[in-house]
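Trainee: give me a 3D structure for the following:
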Amino acid sequence: MLKTLKEGYSYGFDIMDVTGLPSGTIYPALRRMENDGLIEGAWEDESKAFKEERPPRRYYKVTHAGRVALKDAEKRYPLVAQFARPRAVKA
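Mentor: Now for the predicted structure:
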């Protein structure tokens, strides 16, 4: 999931969409990674979500420790580097 976050997929449903993993896998993993200092999370402004008629999202970003862990994982397991497809460019 660190690779997915690094590629720009920054909230739960976005990560579920790209990985195909269920919420019961994604959200506990995000909490564990946040507790371990590999990622940081922050709630978006509720007014933005309200304007878009949806619940507020918690956005995550990879920390320095997370980038180091990802780099180590990519060295140890080369297939990790192939996970997550590139984010589509919006016109």
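Trainee: which elements pack onto the strand or helix carrying Lys71?
Mentor: Taking DSSP states H and E as the criterion, Lys71 maps to helix 64-76. In terms of contacts (3 or more CB pairs under 8 Å, 6 or more residues apart in numbering; DSSP states H and E), helix 64-76 is packed against helix 2-6. Where C-beta positions appear, they are placed from N, C-alpha and C, glycine not excepted.
Trainee: and the contacts of the helix it packs on?
Mentor: The contact list for helix 2-6 (CB atoms under 8 Å, 6 or more residues apart in numbering) reads 15, 18-19, 33, 38-39, 60-62, 66-67, 69-70, 73-74, 80-81, 83-84.
Trainee: residue ranges of the helices in the chain, please?
Mentor: Here the chain has its helices, by DSSP state H, at 2-6, 12-19, 23-35, 46-51, 64-76.
Trainee: turn the ones you listed into TSV, including mean pLDDT.
Mentor: Listed next are the helices of the chain as TSV, based on pLDDT from 0 to 100:
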stretch	mean pLDDT
helix 2-6	91
helix 12-19	92
helix 23-35	97
helix 46-51	95
helix 64-76	94
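Trainee: okay, those, which one's buried deepest?
Mentor: Across the helices of the chain, averaging neighbours per residue (mean count of other CB atoms under 10 Å) puts helix 2-6 on top, at a mean of 21.
Trainee: quick one: contacts for Lys51?
Mentor: By CB under 8 Å, 6+ apart, Lys51 has no neighbours at all.
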